[in-house]
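Pasting the sequence and the predicted model now:
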Amino acid sequence: MIVQTAFALLFLVVPAGIIWLAHHQRWAGKLGVIVLCYGAGLLLGNTGLVPSTVLPLQQAVTDIAIVLGLPLLLFTLDIRQWSRIAGKAMLSMVLATTSVVALASGLFFVFRGHGVDSASHFAAMSVGVYTGGTPNLAAIKAGLEIPHSEYIVFHSLDTLVGASYLLFMLSLGVPLFRSLLNPPVAVLEPGAGDEHHFNDDDFTELLDRHKRPEIAKAIGLSALVVALSLGLSEWLARVFAVDNSSATVIVALTSFGILLSLIPGVRQMYLSYKLGMYLIYVFCFVVASMASLENLVRVDVAVAVFLFGTILGSLLLHALLCRLAGIDSDTFMVTSVAAVCSPPFVPMMARALGNPGAMLSGMTTGIIGYALGNYLGISLALFLQEF
């Protein structure tokens, strides 16, 4: 019992320490919290210090972190913004999503034809991570019960491929796509504070005792969503004999989270987003601690090819579709980064473009990606598994 308690505290404290480190040390901030959480988790899991008796605790922590964290991320979604975003930005996000789904589906059939049994998992995770980032990837892992080793290999390679993509977009991509696509449209400055809770990496507010009522309310609502989702899943399993209960739970969590975001009081709980991201960091750290580095070294080349093909192919297809649709270069780039890298990276892209007014559109379409990715990734995998 003492060992279990000690590791439970460790799983919660280490991600918090990494957040502090990334906020106070430039090198850590550049690496990113997610990368550091995965690295720390791999280090812990491969030192031999984690006994096998802790495995059930690790599984429980990862499950709890993702089911509580997902609604917390969605509570601050302002659906009213969907109609306010420029039509071109919405269209660009649709085209980005369509491109990823098309490439992932095409690569599934190619790889399945060569005997890669987990091709449907690759397709689902590709759609998830390239329409909203790590929260989607983690949710799809839980929804499809993807093995930890397979998930870690995929996300480890995605970190490398995604970093290369972002570096390209921030440097060579700006002049390249501005020369290929329509010139950027002048955008007004975003409203003060509209993007604050998405791009601010300071989590100290979670420790403010004056914020405890808001935090307690957010956790309580998230727990209610989890209870409703589990109840719905159980009911569907009994009445309609639905087999994949995990997928049902994740889709229900997403749906209930969006519905609650329609309530102004819920939508204004800005700390909900940060609390949700903290739980995602906990998930990253713990799930990495369950992976064997020996297995990661023996990476299947198929995973790398699938990832590279998906991100490169979807980027080119997205650019082509935006060219045909008359979407301007800046809108294309911020929505692409929002889809591939998630909202926190949008301000970085907006600064590289010299267009800070593009931040709100990019971050809002990225949050929409959080919602779309869960549906699309899980649905696509279940559909492709029929072949």
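Here it is on my side, so go on.

if I look at L259, how far off is R267?
Distance of L259 to R267, computed by Cβ to Cβ, to the nearest Å: 11 Å. Where C-beta positions appear, they are placed from N, C-alpha and C, glycine not excepted.

try T364
Counting by Cβ to Cβ, the gap from T364 to R267 is 13 Å.

More neighbours: which of the two?
Taking neighbours as other Cβ atoms under 10 Å, T364 and R267 compare with T364 leading, 27 against 17.

Pull out the buried positions in the strand or helix carrying that one.
T364 belongs to helix 359-384 when elements are defined using DSSP states H and E. Residues of helix 359-384 classed as buried: 359-378, 380-382, 384 (neighbour count, 16 or more other Cβ atoms under 10 Å).

before we move on, back to that, need the overlap of contacts for T364 and R267.
Contact criterion Cβ atoms under 8 Å, 6 or more residues apart in numbering; residues shared by T364 and R267: D78.

Low-confidence ranges, the stretch 151-300 of the chain, go.
185-201, 242-245, 247, 292-300 (pLDDT under 70).

cutoff 80 now
Across the stretch 151-300 of the chain, the ranges flagged by pLDDT under 80 are 155-156, 159-160, 162-163, 185-202, 204, 207, 240-248, 250-251, 254, 291-300.

Start from the N-terminal end of it and give the strands.
With DSSP state E, counting those that start in this stretch as the criterion, the stretch 151-300 of the chain has no strands.

can you give me the helices in it?
173-180, 196-199, 212-240, 245-260, 264-267, 271-289, 293-297 (DSSP state H, counting those that start in this stretch).

buried ones in the fifth one?
What that stands for is helix 264-267. Using 16+ other Cβ under 10 Å as the test for burial, helix 264-267 gives 266-267.

As PDB, could you dump the C-alpha coordinates of it?
Only the C-alpha atoms of helix 264-267 are listed here, as PDB (Å, rounded to 0.1, in the frame of the first residue of the first chain):
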ATOM      1  CA  PRO A 264     -21.900  30.300 -20.300                       C
ATOM      2  CA  GLY A 265     -20.900  29.600 -16.700                       C
ATOM      3  CA  VAL A 266     -19.100  26.400 -17.800                       C
ATOM      4  CA  ARG A 267     -17.500  28.000 -20.800                       C
END
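
from here on, count from 127
Okay, residue one is now 127; in that scheme the one you just asked about reads as helix 390-393.

List the contacts of it.
Residues contacting helix 390-393 (Cβ under 8 Å, 6+ apart): 201-204, 347, 386-387, 398.

Most neighbours among those residues, which one?
Busiest of those [other Cβ under 10 Å] is S398, holding 28 neighbours.

With distance to L283 as extra columns, can I get the helices of the stretch 277-426 of the chain in CSV?
CSV is the format used below for the helices of the stretch 277-426 of the chain (distance: least, Cβ to Cβ, whole Å):
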stretch, distance to L283
helix 299-306, 21
helix 322-325, 26
helix 338-366, 31
helix 371-386, 23
helix 390-393, 36
helix 397-415, 14
helix 419-423, 10
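
Identify whichever of the ones you listed lies nearest to M216.
Taking Cβ to Cβ, helix 371-386 is the member of the helices of the stretch 277-426 of the chain nearest to M216, at 16.4 Å.

In that closest one, which residues are buried?
371-384, 386.

Could you tell me the angle between it and helix 397-415?
Relative orientation of helix 371-386 versus helix 397-415 (axes from the mean of the first three to the mean of the last three Cα atoms, to 10 degrees): 160 degrees.

How about residues contacting helix 371-386?
By Cβ under 8 Å, 6+ apart, the list of residues contacting helix 371-386 reads 193, 196-201, 203, 205, 265-266, 268-271, 347, 351-352, 354-356, 358-360, 362-363, 368, 392, 497, 500-501, 504, 508.

can you check stretch 146-154 too?
144, 155, 157-159, 162, 327-329.

if you set the cut-off to 10 Å instead, what comes out?
144-145, 155-163, 166, 326-330, 407 (Cβ atoms under 10 Å, 6 or more residues apart in numbering).

Got a quick ChimeraX command for the buried subset of those?
Buried residues within these, by 16+ other Cβ under 10 Å, are selected in ChimeraX with:
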select :144,145,157,158,159,160,161,162,163,166,329,407
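
orientation of the helix or strand containing T224 relative to helix 485-510 in degrees?
Assigned by DSSP H and E, T224 belongs to helix 213-239. Interaxial angle of helix 213-239 relative to helix 485-510 (the same axes, to 10 degrees): 30 degrees.

Work out the gap between helix 213-239 and the centre of the chain.
What separates the centre of helix 213-239 from the centre of its chain is 17 Å, taken as Cα atoms, centre = their mean, to the nearest Å.

if we can go back for a sec, right, so of the helices of the stretch 277-426 of the chain, which gets closest to V466?
helix 299-306 (11.6 Å).
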